[in-house]
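Student: give me the fold of what follows.
(one chain, ligands or ions: 1)
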Amino acid sequence: MDKIPESHPRYLSLTTREKISNAEKEGLVHKTGLIAHGRGEAFDYLIGEKTLPFADEAEKVAVIALLCAKNPVISVNGNVVALSGEGCVNLSKKINAKIEVNLFHRTDLRTEKLVKKLLSLGAEEVYGQKADARIPGLDHDRGLCDNDGIFSSDIVLVPLEDGDRCQALKNMGKKVITIDLNPLSRTAKTADVTIVDNIIRAIPNMIKWVELLNKEDKEKMEKLVIDWDNKKMLKEVCSYISKRLNSLF
Ligand code: PTJ
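Tutor: Numbers count the residues shown, from 1 in each chain. Okay, here's the model as predicted:
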């Protein structure tokens, strides 16, 4: 299909696919990123392709945690930049967070391309190329990160992440927030706050929460983060999906 007609009932889904596919051709997204995207789409279908109240609440709690942090970092990979690069840059500016390219299938060339892309989208500084530190417990290049970035952060937002790395970041004593449409994934179960939402909706919604919460008393808000029960929320999402599926036919 040359140009997807706006009247197509799956217009948003198809144009989002196109973004991922084009970014793969440009060398920004790893080829397995297309598979990861398909898995995300399937879960998005199950939740009804909208931000559920549980996700909205998780987005609010995540923003509070990020606003209260000393050294927050947004970790981005190929898929994240392809779908929400500009949103991540805007969010990083609004919450005063660093942004680091941190790849599962790491190559220097793809890291460089992604850094350049984020700079072209307005980022002032992008971490990830120095790779002068290592996340303990992760072998090969998957464990590489920047000493001034992820390594020394107190909280990391890692959207569309692999469970192994999420656990390794937790083992370093960091708070981990993820965005993952699959409520059953290891990442979803390991993170402190899991946002079960499509990144294309989650990031703009988080920016909305920053604007709403910026002037609130941080100490009061932090109680919401302390009281957050991630497991309970994931159970609620699964129960929502199962009820929804049972009521469809
Ligand atoms: O660019 P790289 O080398 O760092 O590689 C990135 C991928 C995504 C290929 C890599 O991290 C990977 O293989 O990830 P996984 O283990 O497939 O996990 C990705 C998770 O993100 C899955 O649970 C998907 O359901 C979820 N996901 C995919 N697309 C979206 C999503 N969650 C939110 N929004 C999406 N658009």
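Student: dump the residue contacts of the one residue in the chain that gets nearest to the ligand.
Tutor: With CB to the nearest ligand atom, the shortest gap between the chain and the ligand falls at residue 40, namely 2.3 Å. The C-beta positions use only the backbone N, C-alpha and C, and glycine is treated the same way. Residues near residue 40 by CB atoms under 8 Å, 6 or more residues apart in numbering: 160, 181-182, 198.
Student: make it 6 Å
Tutor: residue 181 (CB atoms under 6 Å, 6 or more residues apart in numbering).
Student: before we move on, what about residue 160?
Tutor: Per CB under 6 Å, 6+ apart, neighbours of residue 160: 79-80.
Student: what's it sitting at in phi/psi?
Tutor: phi 50, psi 50 (degrees, to the nearest 10).
Student: got the contact list for the lowest-mean-pLDDT helix or strand in the chain?
Tutor: Within the chain, judged by mean pLDDT, DSSP states H and E, the helix or strand with the poorest mean is helix 218-227; its value is a mean of 91. Under the criterion CB under 6 Å, 6+ apart, residues 61, 64-65, 68 lie in contact with helix 218-227.
Student: cool, and stretch 109-127?
Tutor: 27-28, 81, 85-86, 89, 98-101, 128-129, 146, 149.
Student: tabulate those residues (CSV), appending secondary structure.
Tutor: Formatted as CSV, the contacts of stretch 109-127 follow (DSSP: H, G, I helix; E, B strand; the rest coil):
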residue, secondary structure
27, coil
28, coil
81, helix
85, helix
86, helix
89, helix
98, strand
99, strand
100, strand
101, strand
128, coil
129, coil
146, coil
149, coil
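Student: go through stretch 150-158 and flag the buried ones.
Tutor: Within stretch 150-158, the residues that count as buried by 16 or more other CB atoms under 10 Å are 150-151, 153, 155-158.
Student: excluding chain neighbours, what is closest to residue 4?
Tutor: With sequence-adjacent residues excluded and distances taken as CB to CB, 6 or more residues apart in numbering, residue 4 is closest to residue 14, at 4.8 Å.
Student: which pLDDT does the model give the one you found?
Tutor: What the model reports for residue 14 is a pLDDT of 91.
Student: list the buried residues for stretch 202-219?
Tutor: 202-203, 205-207, 209-210.
Student: and for stretch 117-125?
Tutor: Across stretch 117-125, burial judged by 16+ other CB under 10 Å covers 117-118, 123.
Student: cool, stretch 186-203 as well?
Tutor: Result for stretch 186-203 [16+ other CB under 10 Å]: buried residues 187-199, 201-203.
Student: highest neighbour count among the contacts of helix 218-227?
Tutor: Most neighbours among the contacts of helix 218-227, by other CB atoms under 10 Å: residue 65, with 25 neighbours.
Student: what residues does it make contact with?
Tutor: With the criterion set at CB under 6 Å, 6+ apart, residue 65 makes contact with residue 225.
Student: how close does the residue most central in space within the chain sit to residue 244?
Tutor: In the chain, the centroid-proximal residue (CA atoms, centre = their mean) is residue 159; its distance is 1.9 Å. Distance of residue 159 to residue 244, given as CB to CB, to the nearest Å: 24 Å.
Student: check residue 130 too.
Tutor: 46 Å.
Student: returning to what we had before: which members of the buried residues of stretch 117-125 are positioned in helices?
Tutor: 117-118 (DSSP state H).
Student: mind putting the buried residues of stretch 117-125 into CSV with pLDDT?
Tutor: Below are those laid out as CSV (pLDDT from 0 to 100):
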residue, pLDDT
117, 98
118, 98
123, 98
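Student: quick check: longest helix of this structure.
Tutor: helix 230-248.
Student: which elements pack onto that helix?
Tutor: Applying 3 or more CB pairs under 6 Å, 6 or more residues apart in numbering; DSSP states H and E, one finds that helix 230-248 contacts helix 53-68.
Student: what residues of the helix it packs on count as buried?
Tutor: Applying 16+ other CB under 10 Å to helix 53-68 flags 54-68 as buried.
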